[in-house]
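Student: Mind folding the following:
(one chain, ligands or ions: 3)
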Amino acid sequence: MATLLNGSLYSGFYDCQSFLKKKHRTSWPNMCSFQRLSMAKFDWSSISHRVGGNLFTKKGINVFSPKITVPSFAPEFLDAIEDEYNGVIIDPESLPSSANAFVSALRASLSYWKSKGKKGVWLKILPEQADLVPIAIQEGFSYHHAERGYVMLTHWIPCEPCMLPDSPSHQIGVGGFVINDKREVLVVKEKCPCSCSGVWKFPTGYINKSEEIFSAAIREVKEETGVDTIFQQMVAFRHVHLVAFENSDILFVCMLEPLSSEITIDDKEIQDAKWMPLDEFVGQSFYVDDHMSRKVIDSTTSSSSSISSLKSRFLEPSVSGISSLRKFSSVKFNTSSSSGSNSSFNSSSPSGSPTRFPTKSVLMGSAGNLKQKTVSGPAGYVLEDVPHLSDYIPDLPIYPNPLQDNPAYSVVKQYFVHEDDTVPQKIVVHKTSPRGIHFRRAGPRQKVYFESDEVHACIVTCGGLCPGLNTVIREIVCGLYHMYGVKRVLGIDGGYRGFYAKNTVPLTPKVVNDIHKRGGTIIGTSRGGHDKSKIVDSIQDRGINQVFIIGGDGTQKGASVIFEEVRKRGLKVAVAGIPKTIDNDIPVIDKSFGFDSAVEEAQRAINAAHVEAESMENGIGLVKLMGRYCGFIAMYATLASRDVDCCLIPESPFYLEGTGGLFEYIEKRLKENGHMVIVIAEGAGQELLSEIIHSTTQQDASGNKLLQDVGLWLSQRIKDYFKQRKMVMNLKYIDPTYMIRAIPSNASDNVYCTLLAQSAVHGAMAGYTGFTVGLVNGRQTYIPFYRINEKQNKVVITDRMWARLLSSTNQPSFLSAKDVVEDKKEEGTSCPLLDDQIFSEDVSGNKKISHV
Ligand SMILES: Nc1ncnc2c1ncn2[C@@H]1O[C@H](COP(=O)(O)OP(=O)(O)OP(=O)(O)O)[C@@H](O)[C@H]1O
Ligand SMILES: O=P(O)(O)OC[C@H]1O[C@](O)(CO)[C@@H](O)[C@@H]1O
Ligand SMILES: [Mg+2]
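Tutor: Numbers count the residues shown, from 1 in each chain. Ligands and ions are numbered 1, 2, ... in the order given. Next up, the predicted model:
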């Protein structure tokens with residue numbers, strides 16, 4: 001439904017914001033992904049008309065007068081990265097400090113980029129480099145925009161109309177509409193001399209750099225009034241033009257639910273703040289004149305008692321009440337969001353031509369789908385909180401935690417976790433970094449939301465096997481029993497489908513006593529069979545009120561769907577996930593349980609491969625390890641072993657033949673060492689196999705891609721290669737994959753599993769739900785499902801860890817053969833990789849180069 005809003009109400013917000021100028025604007029440009037540019041293979045003859053055709057000599061700043069067009073030797077190139085649009089972003093930190101060196105490097109670089117078909121060039125100049133501005137202008141650059149710390153210049157290389165976007169055109173404001181159960185609105189009177197002076201308005205301000213809109217609204221309310229809130233719904237926005245510095249302005253109004261009521265004003269900006277009866281608020285003469293504003297306020301507030309019925313409103317300001325100088329337009333606001341999905345807004349240039357404005361994702365919560373509870377604090381602090389049963393069930397009884405009478409804990413100081421304890425997601429920070437995202441610390445709470453007798457828990461394990469499954473089952477059962485006196489725990493047989501298609505298994509401390517010494521899962525597992533309605537029907541029919549779901553990324557997605565359905569039905573059922581997988585592909589957490597054990601067990605296979613290889617002439621030991629989409633086990637097993645000469649993972653494509661290929665490397669290692677060990681993750685090189693074996697799109701019951709056996713394929717290819725070369729070679733292929741994941745967990749995983757299980761139990765007893773328990777920076781935390789499910793964890797080959805592996809094995813980094821051939825054609829001569837660069841390809845096959 002679209003509601004029109006007369007701009008006069010919001011013009012008041014605008015005036016106050018511009019007067020105070022207290023908040024930063026959003027950052028820009030914000031290019032999405034970059035690739036470092038290599039110029040090592042650049043043919044200097046292509047720029048001879050500028051620099052005299054001298055051959056490029058690496059390193060050493062070449063200083064000569066900008067008037068001299070033919071330097072005595074080749075200048076340095078400017079360090080730059082590619083943007084997604086075939087453009088170039090120059091690294092400001094690496095600009096030569098002398099004018100001569102800058103001009104020659106700039107000219108050389110522009111010629112090179114031109115020869116490579118590059119288009120837009122972005123040049124950021126810092127205050128201490130201001131002398132370079134006139135030079136850049138002389139070389140064809142224009143001003144783009146400036147911020148306190150830099151001026152941005154741009155240059156469009158092609159002889160065609162410039163497609164670079166204009167400078168940022170909008171500032172973004174937020175308003176927090178906070179209304180309490182007494183239908184009082186939280187209002188402030190700002191210290192400003194503008195037209196809205198003296199008006200009680202809701203708190204507003206500008207969003208900070210990289211801040212989510214809803215977090216900004218929460219922060220503004222907190223800063224101005226001291227009241228804590230949570231985000232409920234985006235209710236409105238308005239768009240005006242020709243505001244500050246002729247920019248346009250968008251203000252988003254968020255409905256927030258108060259978590260506290262006491263007001264502490266920020267007396268630098270605010271004269272006064274109070275809870276004001278809604279009628280009085282709307283009745284202010286400032287608003288009365290504007291019936292459309294009232295309509296919006298009325299519809300917003302009347303909906304506040306039944307937020308689930310809220311639909312986002314589309315606002316378009318009218319001209320009345322706002323300076324006639326301002327022009328108006330409307331923007332699209334897309335709030336259609338499937339479970340936990342993002343809404344986004346886009347803008348297009350006035351001419352309708354495509355622009356490159358980054359699309360800003362706005363995570364939105366709304367009743368009826370995944371609701372994100374986010375609380376902001378000072379200095380960019382954000383708590384990504386987990387749902388609680390009391391969020392959707394009113395008046396739940398609370399009980400003292402039975403642990404307080406437990407002799408084991410009575411001596412522990414501060415045994416109960418403080419409600420305000422949170423754990424930061426990022427612990428490497430700079431002096432000026434915002435505090436960033438935090439998660440709720442896991443552990444026992446002083447109050448619980450279940451009585452011991454009332455609890456009827458169940459446990460289910462899903463997906464592939466993993467060391468430690470039985471330990472987690474054991475510790476959930478024992479934790480519930482011994483810590484909370486819970487006697488009724490059911491095992492769901494055979495994964496998700498067991499909820500509706502199989503019998504359940506009663507689990508008691510006696511039944512689970514010894515199971516941690518066994519691999520596998522005593523309650524069975526499966527893939528597929530996730531039927532939301534049948535599962536929640538079964539939970540309801542059996543009277544289950546705590547569900548512990550142990551599994552990998554697929555399982556956690558399934559758990560999120562169950563949680564949503566439970567909440568939709570308004571059931572008092574806590575849903576807790578425990579992250580399992582040897583693949584370690586679950587994001588946010590330090591690692592999943594079972595991963596350590598898998599890495600350790602892999603050592604046995606690698607050792608065997610090494611012994612076999614060492615004992616024969618030109619022996620090769622090839623070990624395949626699991627890792628469908630990511631190579632963590634292979635990478636860590638390689639780093640742990642030191643016997644591995646080459647590690648191949650899905651994230652780092654490789655090739656076999658030609659210069660820099662695997663065969664060349666194997667031959668070299670055999671000549672140097674007489675033997676070698678190769679570790680390959682099962683998901684590596686699948687694209688090479690599908691070129692030969694017909695590509696298969698087969699999936700397992702959960703929808704995971706079924707893989708070809710890369711180990712067998714690679715063994716055969718290596719054998720064929722040496723046969724053709726008439727060289728002696730003995731290859732032994734070891735596939736220990738299922739043996740690895742079937743073992744019981746090792747000591748460290750056993751401890752980890754125990755803590756995860758206990759944390760999950762504490763969380764469910766405390767009424768938290770919709771969370772995965774996990775270790776974040778060494779601390780047990782509760783993480784909302786949406787955060788766990790938003791992506792898959794992968795080895796980042798441009799991170800230090802992969803570089804460490806490469807330097808430990810000394811293996812090549814596999815710049816693709818195609819690239820080498822193309823480069824040869826272009827240059828007529830081959831050029832070795834620079835020592836400090838890693839080459840790889842991204843998913844689209846683009847060459848990526850990173851410095852290590
Ligand atoms: N998007 C999804 N929505 C609902 N259920 C899902 C989803 N993805 C997977 N599941 C269910 O979760 C269960 C486990 O998924 P999957 O087989 O992918 O294993 P996993 O949990 O990822 O573990 P692993 O990868 O370590 O074997 C299956 O029963 C599957 O049907
Ligand atoms: O053969 P299954 O049981 O489907 O499982 C194989 C997959 O399970 C995992 O162990 C975990 O996802 C993967 O590494 C592997 O590809
Ligand atoms: Mg998985």
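Student: OK, contacts around residue 481?
Tutor: 487, 489, 508, 509 (Cβ atoms under 8 Å, 6 or more residues apart in numbering). No exception for glycine: its C-beta is placed from N, CA and C like everyone else's.
Student: now these: which count as buried?
Tutor: residue 489 (16 or more other Cβ atoms under 10 Å).
Student: from the contacts of residue 481, which is closest to ligand 2?
Tutor: Ligand 2 has its nearest neighbour among those in residue 489, at 26.0 Å by Cβ to the nearest ligand atom.
Student: how deep is whatever residue of the stretch 701-850 of the chain ends up closest to ligand 2 tucked in, by neighbour count?
Tutor: Proximity of the stretch 701-850 of the chain to ligand 2 (Cβ to the nearest ligand atom) peaks at residue 741, 5.3 Å away. By other Cβ atoms under 10 Å, the residues close to residue 741 number 23.
Student: per-residue confidence at it?
Tutor: Looking at residue 741, its pLDDT is 97.
Student: Distance-wise, check it relative to residue 583.
Tutor: 10 Å (Cβ to Cβ, to the nearest Å).
Student: now residue 379
Tutor: For residue 379 relative to residue 583 (Cβ to Cβ), the value is 36 Å.
Student: One more: residue 522?
Tutor: Applying Cβ to Cβ to residue 522 and residue 583 gives a distance of 22 Å.
Student: Next: residue 149.
Tutor: Residue 149 is 42 Å from residue 583, by Cβ to Cβ.
Student: Which one's more surrounded, those two?
Tutor: Set side by side, residue 149 and residue 583 show more neighbours around residue 583, with 29 against 9, by other Cβ under 10 Å.
Student: what's the closest non-adjacent residue to residue 478?
Tutor: Nearest residue to residue 478, sequence neighbours excluded (Cβ to Cβ, 6 or more residues apart in numbering): residue 509, at 5.1 Å.
Student: got it, and residue 498?
Tutor: Per Cβ to Cβ, 6+ apart, closest to residue 498 is residue 492, 4.3 Å.
Student: Also residue 776?
Tutor: residue 423 (5.2 Å).
Student: Summarise which helices and strands whichever strand or helix holds residue 609 is packed against.
Tutor: Element membership for residue 609, per DSSP states H and E: helix 595-614. Secondary-structure packing of helix 595-614 (3 or more Cβ pairs under 8 Å, 6 or more residues apart in numbering; DSSP states H and E): strand 619-625, helix 632-641, strand 675-681, strand 730-734, helix 737-741, helix 747-765.
Student: and the angle from that helix to strand 730-734?
Tutor: 160 degrees (axes from the mean of the first three to the mean of the last three Cα atoms, to 10 degrees).
Student: can helix 595-614 be found next to ligand 1?
Tutor: No: Helix 595-614 is not in contact with ligand 1 by Cβ under 6 Å from any ligand atom; minimum separation 10.3 Å.
Student: Please compute how far that helix lies from its chain's middle.
Tutor: 33 Å (Cα atoms, centre = their mean, to the nearest Å).
Student: From the centre of the protein, point out the most distant residue.
Tutor: Farthest-out residue of the chain from its mean C-alpha position, per Cα atoms, centre = their mean: residue 726, at 50.0 Å.
Student: which sections of the stretch 351-500 of the chain are below the confidence cut-off?
Tutor: Low-confidence segments of the stretch 351-500 of the chain (pLDDT under 70): 351-371, 410, 413.
Student: Which residues of it lie near ligand 1?
Tutor: Checking the stretch 351-500 of the chain against ligand 1 by Cβ under 6 Å from any ligand atom, the hits are 462, 463, 464, 495, 496.
Student: Those: which two are farthest apart?
Tutor: Pairwise distances across those peak at 13.9 Å for 464 and 496 (criterion: Cβ to Cβ).
Student: of those two, who's got more company?
Tutor: When residue 464 and residue 496 are compared for neighbours, residue 496 comes out ahead with 31 against 21, by other Cβ under 10 Å.
Student: Just give the nearest non-adjacent residue to the more buried one, would you?
Tutor: residue 530 (4.5 Å).
Student: can I get the contacts of residue 481 in TSV with secondary structure and distance to ligand 2?
Tutor: Formatted as TSV, the contacts of residue 481 follow (DSSP: H, G, I helix; E, B strand; the rest coil; distance: Cβ to the nearest ligand atom, whole Å):
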residue	secondary structure	distance to ligand 2
487	coil	34
489	strand	26
508	coil	29
509	helix	29
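Student: what helix or strand does residue 665 sit in?
Tutor: helix 662-673.
Student: Give the buried residues for that helix.
Tutor: So for helix 662-673, counting by 16+ other Cβ under 10 Å, buried means 662, 663, 665, 666, 667, 669, 670.
Student: average pLDDT for that helix?
Tutor: 97.
Student: Can you name the residues in contact with that helix?
Tutor: If you take Cβ under 8 Å, 6+ apart as the criterion, helix 662-673 is touched by 618, 620, 645-646, 648, 654-658, 676, 678, 718, 721, 725, 727, 729, 811-812, 814.
Student: Would you agree the residue nearest to residue 478 is in contact with residue 476?
Tutor: No: at 10.9 Å, residue 509 and residue 476 do not qualify as touching, with contact defined as Cβ atoms under 8 Å.
Student: re the thing from before, which of the helices and strands packed on helix 595-614 sits closest to residue 80?
Tutor: With Cβ to Cβ as the yardstick, what comes closest out of the helices and strands packed on helix 595-614 is helix 632-641 (29.9 Å).
Student: Briefly note if that closest one comes near ligand 3.
Tutor: No: for helix 632-641, no contact with ligand 3 is found by Cβ under 5 Å from the ion; the gap never falls below 12.5 Å.
Student: Give the phi and psi angles for the nearest residue to residue 758 once chain neighbours are set aside, as a check.
Tutor: Nearest residue to residue 758 in three dimensions, chain neighbours excluded: residue 479, at 4.9 Å (Cβ to Cβ, 6+ apart). Torsion angles at residue 479 (phi, psi; degrees, to the nearest 10) stand at phi -60, psi -50.
Student: Distance-wise, check residue 479 relative to residue 134.
Tutor: For residue 479 relative to residue 134 (Cβ to Cβ), the value is 70 Å.
Student: just to revisit the earlier point, sticking with the residue nearest to residue 776, tell me its helix or strand.
Tutor: strand 422-424.
Student: buried sites along the helix or strand following that strand?
Tutor: Next helix or strand after strand 422-424 toward the C-terminus (DSSP H and E): strand 436-441. Buried positions in strand 436-441, judged by neighbour count with 16+ other Cβ under 10 Å: 437, 438, 439, 440, 441.
Student: what's the third one in contact with, if anything?
Tutor: Contacts were defined as Cβ under 8 Å, 6+ apart; by that measure residue 439 touches 383, 384, 422, 423, 425, 588, 776, 781, 782, 783, 787.
Student: re the thing from before, so which of the buried residues of helix 662-673 would you say is closest to ligand 1?
Tutor: Nearest to ligand 1 among the buried residues of helix 662-673, with distances taken as Cβ to the nearest ligand atom, is residue 662, at 27.7 Å.
Student: what about the residue nearest to residue 496, how many neighbours?
Tutor: Quick note: residue 530 (other Cβ under 10 Å) scores 23 neighbours.
Student: Cool, thanks, talk later.
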